[in-house]
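Participant: Here is a sequence with its predicted model. Questions after.
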Amino acid sequence: MAGRGWRIAVVALLAAGGLVGCAENKQADDGAGGATAGTGTEIGFGVGVDPAYSPIYLADQNGLFKQAGLQVKVKQFQEGTGGLDAILAKQGQVSANTESSMLNRAARGNLKALAVFSQSPDFIKLVARKGVDDVKDIKKYGVVAGTVNEFATNKVLAANGIDRDSVEFVKSSPAEMPALLGRGDIDGYIMWEPWPSRGVAGGGKVLLTSGDVGYVYNLVITVDGGWYEANKDEAASLVKVIGQACDQITGDAGLAGTATEKAIKVPSAEARTLLKGVQCKVRDFTADDVKRYGEISEFQRQNKIVDAKVDVDSILVRGVA
């Protein structure tokens, strides 16, 4: 029920994006992603629909952006990649998304990553259908093309010595995965919450978390490269606001639950449970991040998700966080 409601909302938002697209594209020729420095132009901020985005939900609902002098319009997409696609289409300036999605889309346009704001070894989980109790018994994996799900699936296979050619990959959207699992159309999928919990509610079983196969996901703040060059002060203020929201959530976990419930209708108590183990903290990129991002980018090249491996160092902007 909740998933259907989200899909309807996303369709409506995409339609709205299309309606405003013409006006924003007229501004795109300024080379600043549709906004100019110091003008107070509205900043389109794309986010996904899961509890991991709770600091952005909180900042939006409590007026933290406005208090910092920023005119931010938060737009929800079914996946974090939606915000990146909006940037590439000159219909937005900022996105919150996984590092995997950022690297994928950076191969197609001018994107810059400013900071990490969330990370966890437990938020992404592998859930298997009823009757499948071992990773090696999974013969059909549900995958979402171009997302962190593909990389995490590969980590599961590699960690268990399973050849990619020995399993089948069934492409679909995150919201469809629990139903596919329940019908037996797939044997398992590794995904961010709330989709693993939805799979468990339908009879599935969590077999492991991404941390078990050596992967700790990052959520990063990504911006239009042209917009960033013309709006560095606003970009820094926006990152600071997300940091303030994270600090509030760290001090009172209940805030993440209530903000999530208000934004995407996931009950507050459920959201708090799903976010256990998630570290909400804005920070700069580390050497370990760069190494892992390079591994992800190489995986995307080898599997023809992108045409060429991106230069990670050229995408990351240090010193903003």
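Facilitator: Nice, thanks for sending it over. Numbers count the residues shown, from 1 in each chain.

Participant: Strands of the stretch 101-250 of the chain, residue ranges please.
Facilitator: 111-120, 124-128, 140-143, 168-171, 188-192, 205-209, 217-224 (DSSP state E, counting those that start in this stretch).

Participant: So for Ala159, which of these sits nearest?
Facilitator: The stretch from those with the least distance to Ala159 (Cβ to Cβ) is strand 205-209; that distance is 8.7 Å. Every C-beta, even on glycine, is put in place using the N, C-alpha and C of the backbone.

Participant: ok, the closest one: who's next to it in the sheet?
Facilitator: strand 124-128 (antiparallel) (DSSP bridges).

Participant: where in this structure is pLDDT low?
Facilitator: Scanning the chain for pLDDT under 70 picks out 1-40.

Participant: Please repeat the previous calculation with a cut-off of 50.
Facilitator: 1-39 (pLDDT under 50).

Participant: Most distant residue from the centre of it?
Facilitator: Gly131 (30.5 Å; Cα atoms, centre = their mean).

Participant: just to revisit the earlier point, any idea which of the strands of the stretch 101-250 of the chain is most buried?
Facilitator: strand 188-192 (a mean of 30; mean count of other Cβ atoms under 10 Å).

Participant: Show me how far that strand is from its chain's centre.
Facilitator: Here strand 188-192 is found 14 Å from its chain centre; the criterion is Cα atoms, centre = their mean, to the nearest Å.

Participant: Same question for stretch 56-75.
Facilitator: Relative to the centre of its chain, stretch 56-75 is centred 19 Å away, using Cα atoms, centre = their mean.

Participant: Residues contacting it from elsewhere in the structure, which ones?
Facilitator: 13, 17, 40-47, 83, 86, 92, 94, 96, 234, 237-238, 240-242, 244-245, 248-249, 255-256, 259-260, 262-264 (Cβ atoms under 8 Å, 6 or more residues apart in numbering).

Participant: what comes up buried for it?
Facilitator: Along stretch 56-75, these residues count as buried under the neighbour rule (16 or more other Cβ atoms under 10 Å): 56-60, 64-65, 70, 72, 74-75.

Participant: Make a markdown table from the residues you listed and add distance to Glu176 and secondary structure to it.
Facilitator: Shown next, in a markdown table, are the buried residues of stretch 56-75 (distance: Cβ to Cβ, whole Å; DSSP: H, G, I helix; E, B strand; the rest coil):
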| residue | distance to Glu176 | secondary structure |
| --- | --- | --- |
| Ile56 | 25 | helix |
| Tyr57 | 24 | helix |
| Leu58 | 29 | helix |
| Ala59 | 30 | helix |
| Asp60 | 28 | helix |
| Leu64 | 34 | helix |
| Phe65 | 33 | helix |
| Leu70 | 35 | coil |
| Val72 | 31 | strand |
| Val74 | 25 | strand |
| Lys75 | 22 | strand |
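
Participant: farthest pair in those residues?
Facilitator: The span of those, defined through Cβ to Cβ, is set by Leu64 and Lys75 at 17.1 Å.

Participant: Nearest residue to the middle of this protein?
Facilitator: Asn97 (3.0 Å).

Participant: before we move on, back to that, are any of the contacts of stretch 56-75 buried, and if so which?
Facilitator: Buried among the contacts of stretch 56-75 by 16+ other Cβ under 10 Å: 13, 17, 41, 43-47, 83, 86, 92, 94, 96, 234, 238, 240-242, 244-245, 248-249, 255-256, 259-260, 263-264.

Participant: Narrow these to those in helices?
Facilitator: Counted as lying in helices by DSSP state H, out of the buried ones among the contacts of stretch 56-75, are 13, 17, 83, 86, 234, 238, 240-242, 244-245, 248-249, 255-256, 259-260, 263-264.

Participant: List of residues touching the helix or strand harbouring Arg301?
Facilitator: For Arg301, the element it lies in under DSSP states H and E is helix 287-302. For helix 287-302, the surrounding residues in contact (Cβ under 8 Å, 6+ apart) are 99-100, 103-104, 107, 116, 150-151, 154, 218, 305-310, 312-313, 316.

Participant: And the buried ones among these, selectable in ChimeraX?
Facilitator: Only the buried entries of the contacts of helix 287-302 go into this ChimeraX selection, using 16+ other Cβ under 10 Å:
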select :99,100,103,104,107,116,150,151,154,218,305,306,309,310,312,316
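
Participant: count of neighbours near Lys288?
Facilitator: One thing to correct before we go on: residue 288 is Asp, not Lys. 9 (other Cβ atoms under 10 Å).

Participant: meant to ask about Lys276
Facilitator: 11.

Participant: what does Gly146 give?
Facilitator: 18.

Participant: repeat for Arg318
Facilitator: 10.

Participant: Surely it and Val312 touch.
Facilitator: No: with contact defined as Cβ atoms under 8 Å, Arg318 does not count as touching Val312 (11.9 Å).

Participant: which residues are common contacts for the two?
Facilitator: Common neighbours of Arg318 and Val312 (Cβ under 8 Å, 6+ apart) do not exist.

Participant: Name all residues that make contact with Met204.
Facilitator: Just to correct that, residue 204 is Gly rather than Met. For Gly204, the contact set (Cβ under 8 Å, 6+ apart) comprises 127-130, 178, 181-182, 188, 196.

Participant: Sounds good, over and out.
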